[in-house]
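>>> here is my input, please return the structure:
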Amino acid sequence: MTQVLHSLDYFRVSPLASSSTGNVTYIETPQHKVLVDAGLSGKKVELLMESIGRTLKEVDSLFVTHEHSDHIRGVGVLARRYPQINVYANEPTWQAMGHKIGNVPVGQRQLFPMGTTLSLGDLDVVSFGVSHDAAAAQFYEFHHHGRSFVIITDTGYVSEQVEGVIKDASCYLFEANHDTEMLREGGYPWPLKQRIMSDTGHLSNMDGAQALIDVVGNDTKNIFLGHLSQENNMKSLAHMTVAETMAKHDFAVEHDFHIHDTDPLVAVPLLTI
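Predicted coordinates:
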């Protein structure tokens with residue numbers, strides 16, 4: 001009987017879309033189907049779900065990280081269209097995004113304070129704050145039966161406190177937003193460049209690699225590189241920078257763990273953690 005029950009257990013993730021223009025991630029266990037952010041139109045999220053053989057009719061929870069449009073564009077529409085979805089965010093984020101997403105029925109509005117843990121049956125969710133120019137940006141670590149999945153993008157740096165929370169996860173969706181030289185030499189106005197490179201901006205490819213060096217452990221098997229800028233980065237460059245930097249620090253890349261790319265428009269096939 002134990003073997004049968006084990007065979008029915010699963011913990012799967014798919015970054016449906018990840019870039020500086022729109023972000024949404026799907027996570028499933030036997031008891032729960034959840035999204036993190038909905039930074040695309042409701043229709044696009046529906047199509048991305050269909051592309052991995054899933055439907056939003058099965059989703060019960062949506063966790064919002066912060067109020068920037070590339071993370072909340074479809075939140076209100078999905079909540080109104082799918083009344084079984086509970087939307088979780090901290091109070092400052094609810095206040096900041098309220099006028100942007102329209103009405104969300106009171107019964108679906110859920111408070112998830114920063115630095116707390118929410119238990120949903122077979123899924124425990126830990127919230128933690130990051131350094132970003134939003135009202136109160138928080139990201140999440142999902143735990144299921146001894147395995148864990150961390151999402152951390154939209155942060156100017158990763159503090160020691162956050163490293164302690166997310167250390168040795170089974171799988172990461174980690175920011176590699178920009179190549180510093182591409183950003184410096186590109187066409188963005190200088191104030192925007194400063195904002196992106198600041199402590200409340202975004203992790204560069206090298207920043208992401210250095211943070212991963214500090215948190216990847218023996219249990220880590222998969223890393224997704226996410227939230228890439230379409231103007232100031234390339235998949236191949238982000239992948240090479242992170243892989244080579246970690247290899248120089250004696251990490252057995254593509255042996256002990258695998259690095260995966262994400263896409264702004266194409267969902268990553270479901271990965272079992």
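>>> only C-alpha atoms from now on, for both contacts and neighbour counts.
Noted.
>>> after the one helix or strand in the chain whose mean pLDDT sits lowest comes which helix or strand?
Ranked by mean pLDDT, DSSP states H and E, the weakest helix or strand in the chain is helix 2-7, scoring a mean of 47. Where DSSP states H and E defines the elements, the next helix or strand beyond helix 2-7 is strand 12-17.
>>> what pairs with the following helix or strand past that following strand, parallel or antiparallel?
Next helix or strand after strand 12-17 toward the C-terminus (DSSP H and E): strand 24-28. Strand 24-28 sits in its sheet next to strand 12-17 (antiparallel), strand 33-36 (antiparallel), going by DSSP bridges.
>>> single out the most deeply packed of those strands.
strand 12-17 (a mean of 24; mean count of other C-alpha atoms under 10 Å).
>>> pull the CA atoms of it into PDB?
This file holds the C-alpha atoms of strand 12-17, laid out as PDB (Å, rounded to 0.1, in the frame of the first residue of the first chain):
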ATOM      1  CA  ARG A  12       5.400  19.600 -10.400                       C
ATOM      2  CA  VAL A  13       6.200  23.100 -11.600                       C
ATOM      3  CA  SER A  14       6.100  25.000 -14.800                       C
ATOM      4  CA  PRO A  15       7.200  28.600 -15.400                       C
ATOM      5  CA  LEU A  16       4.500  29.400 -17.800                       C
ATOM      6  CA  ALA A  17       6.000  32.800 -18.700                       C
END
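>>> residues making contact with it?
23-29, 45, 48-49, 262-273 (C-alpha atoms under 8 Å, 6 or more residues apart in numbering).
>>> as JSON lines, the strands paired with strand 24-28 with mean pLDDT would be great.
Shown next, in JSON lines, are the strands paired with strand 24-28 (pLDDT from 0 to 100):
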{"stretch": "strand 12-17", "mean pLDDT": "98"}
{"stretch": "strand 33-36", "mean pLDDT": "98"}
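>>> for the ones you listed, which one sits closest to Leu212?
strand 12-17 (18.4 Å; C-alpha to C-alpha).
>>> distance between the closest one and the chain's centre?
Computed by C-alpha atoms, centre = their mean, to the nearest Å, the chain-centroid distance of strand 12-17 equals 9 Å.
>>> do the same with stretch 57-75
Centroid displacement of stretch 57-75 relative to its chain, using C-alpha atoms, centre = their mean, is 11 Å.
>>> pLDDT of it, averaged?
Averaging pLDDT along stretch 57-75 gives 98.
>>> endpoint to endpoint, it covers what distance?
15 Å (C-alpha to C-alpha, to the nearest Å).
>>> swap in stretch 23-40?
Span of stretch 23-40 from end to end, C-alpha to C-alpha: 7 Å.
>>> one more: stretch 107-122?
22 Å.
>>> of the contacts of strand 12-17, keep whichever come out buried.
Among these, the ones that count as buried by 16 or more other C-alpha atoms under 10 Å are 23-29, 45, 48-49, 262-265, 267-268, 270, 273.
>>> show me where the stretch 1-150 of the chain has helices.
2-7, 42-51, 69-72, 75-81, 91-101 (DSSP state H, counting those that start in this stretch).
>>> any chance of those helices in a markdown table, plus distance to Gly156?
Output for the helices of the stretch 1-150 of the chain, formatted as a markdown table (distance: least, C-alpha to C-alpha, whole Å):
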| stretch | distance to Gly156 |
| --- | --- |
| helix 2-7 | 40 |
| helix 42-51 | 27 |
| helix 69-72 | 17 |
| helix 75-81 | 24 |
| helix 91-101 | 18 |
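>>> what segments of the stretch 151-273 of the chain are helices?
Using DSSP H, counting those that start in this stretch, helices in the stretch 151-273 of the chain cover 160-166, 180-185, 190-197, 205-215, 235-248.
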